[in-house]
Structure formats: C-alpha cells, structure tokens
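Novice: Build me a model from this:
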Amino acid sequence: MLFLLLVKASHRSEADLLPDLSLQKAMAVFNQELVTAGVRVMAKGLHPTREALRFTYQQSDGQADVISGPFEPSAEQIAGFLLIDVASKEEAIAWARRMPDPQGHGEGQIELRQVFE
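Specialist: Predicted coordinates:
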C-alpha cells in the first residue's frame with residue numbers, strides 16, 4: 001500500500017530556512033531507516049511557494065487562471081513529501097509517528113494520505 005507523508009510548510013520553510021543541523025541529522029537517520037526497511041519509494045523537499053504557480057479552473061471554457069506565489073497561509077502549503085510502500089495503514093501510521101518534527105521549533109505537521117493504486 002502506498003502512502004504519502006505530506007510535510008506541511010511553516011514560515012521558516014517558506015523563508016527557505018534550513019532546519020538546524022541536529023534536525024537535519026535526525027531526518028537523515030529517519031530516511032535511512034525507511035531505506036533499510038525497504039519501504040521508502042521517494043522523499044523530496046519542495047521550493048517555497050514564492051517560486052510556485054497555481055492553476056485554477058473557474059471558467060466554463062476549461063481555461064486555467066494562473067496565479068504566482070507566494071501562497072498563504074504557510075501551514076496550508078506543502079514543504080515536502082515522503083512516499084512509502086507498506087503492508088498496512090497501521091504500518092504507515094507507525095512510520096509517521098517515528099518521523100522527527102520536520103520543521104523543528106514545534107512547528108511541524110505531517111499529513112498521512114493513502115495513494116490510489
């Protein structure tokens with residue numbers, strides 16, 4: 001079963017500030033544990049939304065309106081993701097619980113979503 005761990009953005013990630021070294025090391029250890037367990041498919045961080053474009057389909061002709069970032073509020077945005085392939089939802093939850101606070105400073109938030117297969 002495929003699950004996405006969506007890492008929510010914060011004011012710090014939107015400002016393109018890297019986590020402190022201890023958090024970077026903790027995340028590296030966590031990612032290595034995922035690899036060693038054979039469940040990590042992919043893990044990537046995203047550029048801040050100031051570099052993003054949003055395509056909104058509100059017109060009846062199917063044409064998109066294009067809006068340039070940054071987008072607010074920060075906590076509604078995505079800073080990165082991990083894609084894992086596990087045997088059950090319970091296993092996905094267990095991995096999500098093991099993940100360090102991805103933003104540090106008590107600002108991290110992870111959303112766990114199953115992927116349609």
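
Novice: okay, now the nearest residue in space to Glu51 that is not next to it in sequence: neighbour count?
Specialist: Closest residue to Glu51 apart from its sequence neighbours, by C-beta to C-beta, 6 or more residues apart in numbering: Gly69 at 6.5 Å. C-beta: built from backbone N, CA, C; applies to glycine. For Gly69, the neighbour count with other C-beta atoms under 10 Å is 15.

Novice: Same question for Ala75.
Specialist: The number of residues near Ala75, taken as other C-beta under 10 Å, comes to 13.

Novice: So it sits against Lys8, correct?
Specialist: Yes. The pair Ala75 / Lys8 is scored as a contact, 5.7 Å apart, by C-beta atoms under 8 Å.

Novice: Give me the common contacts of those two.
Specialist: When contacts are counted by C-beta atoms under 8 Å, 6 or more residues apart in numbering, Ala75 and Lys8 are jointly contacted by Gln109.

Novice: picking up where we left off before, look at the residue nearest to Glu51 and report its pLDDT.
Specialist: On the pLDDT scale, Gly69 is placed at 95.

Novice: Quick check, it in contact with Arg50.
Specialist: Yes. With contact taken as C-beta under 8 Å, Gly69 and Arg50 are classed as touching, separated by 4.9 Å.

Novice: Centre of this structure to the edge, which residue is at the far end?
Specialist: Asp61 (32.6 Å; C-alpha atoms, centre = their mean).

Novice: how far away is it from Ile67?
Specialist: 18 Å (C-beta to C-beta, to the nearest Å).
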